[in-house]
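**Student:** Provided below are the primary sequence and the corresponding predicted coordinates.
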Amino acid sequence: MIWLTLAFGGVNAVPRFVVDGIYSFRKMKKIQFQNIELHPQSPDKPLYGAPCNGCGVCCAAGPCPVAVVFLFQLRGKCRALLWQDESGRYVCGMMASPDRYVRLIPEQWRESGGRFFASRIAVGAGCDSDAEIIDNPENGRIADDD
């Protein structure tokens, strides 16, 4: 696994001022930092608005509205984030096999349920994560003994 440090809060914006060594952007927001864990072969995060490439950064950073409403997950890495070795990318499990995560969805509704959830997470609309991956010498590739 690979550990990455993310910065949220307008990192793409031009800094307005510096307070105690922390850049502050639009509306005086402080940058928030978060460490996430991703597959070492996951693609690099695309720019905001660029087509999704399955990097998994947004889902590893926190649950989307679908995960909050249907999986009752309020924080942390989304339980439905799936790594696919064949394609070398992450996919949404609620889109690929929703019956695996929501017991009320019968297996025969997998395809229509997947389309429903895909429309709710705006598949095809582009990257909606404003997180920036930053260099952190304490992070890096770690051995996974499992």
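**Tutor:** Looks like it arrived, so ask away.
**Student:** Can you give me the pLDDT of the closest residue to residue 81 other than its chain neighbours?
**Tutor:** Excluding the flanking residues, the one nearest residue 81 by Cβ to Cβ, 6 or more residues apart in numbering is residue 59, at 4.3 Å. In this view, the C-beta of every residue, glycine as well, is placed from N, C-alpha and C. Per-residue confidence (pLDDT) for residue 59: 90.
**Student:** repeat for residue 121
**Tutor:** For residue 121, pLDDT reads 85.
**Student:** Likewise for residue 133?
**Tutor:** Confidence score, pLDDT, at residue 133: 79.
**Student:** That one contacts residue 45, doesn't it?
**Tutor:** Yes: using Cβ atoms under 8 Å, residue 133 makes contact with residue 45 at a distance of 5.9 Å.
**Student:** give me the number of residues near residue 95?
**Tutor:** 20 (other Cβ atoms under 10 Å).
**Student:** contacting residues for the residue nearest to residue 81?
**Tutor:** 77-78, 80-81, 90, 92 (Cβ atoms under 8 Å, 6 or more residues apart in numbering).
**Student:** can you rerun that using 10 Å?
**Tutor:** Contacts for residue 59 (Cβ atoms under 10 Å, 6 or more residues apart in numbering) come out as 36, 38, 67, 77-82, 90-93, 121, 129.
**Student:** Which strand or helix spans it?
**Tutor:** Using DSSP states H and E, the element containing residue 59 is helix 57-61.
**Student:** Extract the C-alpha trace of that helix and format it as PDB.
**Tutor:** Presented in PDB, the C-alpha positions along helix 57-61 are these (Å, rounded to 0.1, in the frame of the first residue of the first chain):
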ATOM      1  CA  VAL A  57      -8.500   9.700  -3.800                       C
ATOM      2  CA  CYS A  58     -12.000  11.100  -3.300                       C
ATOM      3  CA  CYS A  59     -13.400   7.900  -1.900                       C
ATOM      4  CA  ALA A  60     -10.400   7.200   0.300                       C
ATOM      5  CA  ALA A  61     -10.600  10.700   1.700                       C
END
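**Student:** what's the offset of that helix from the middle of its chain?
**Tutor:** When C-alpha coordinates are averaged (Cα atoms, centre = their mean, to the nearest Å), helix 57-61 and its chain have centres 2 Å apart.
**Student:** Worst mean pLDDT across the helices and strands of the protein, which element?
**Tutor:** strand 17-19 (a mean of 41; mean pLDDT, DSSP states H and E).
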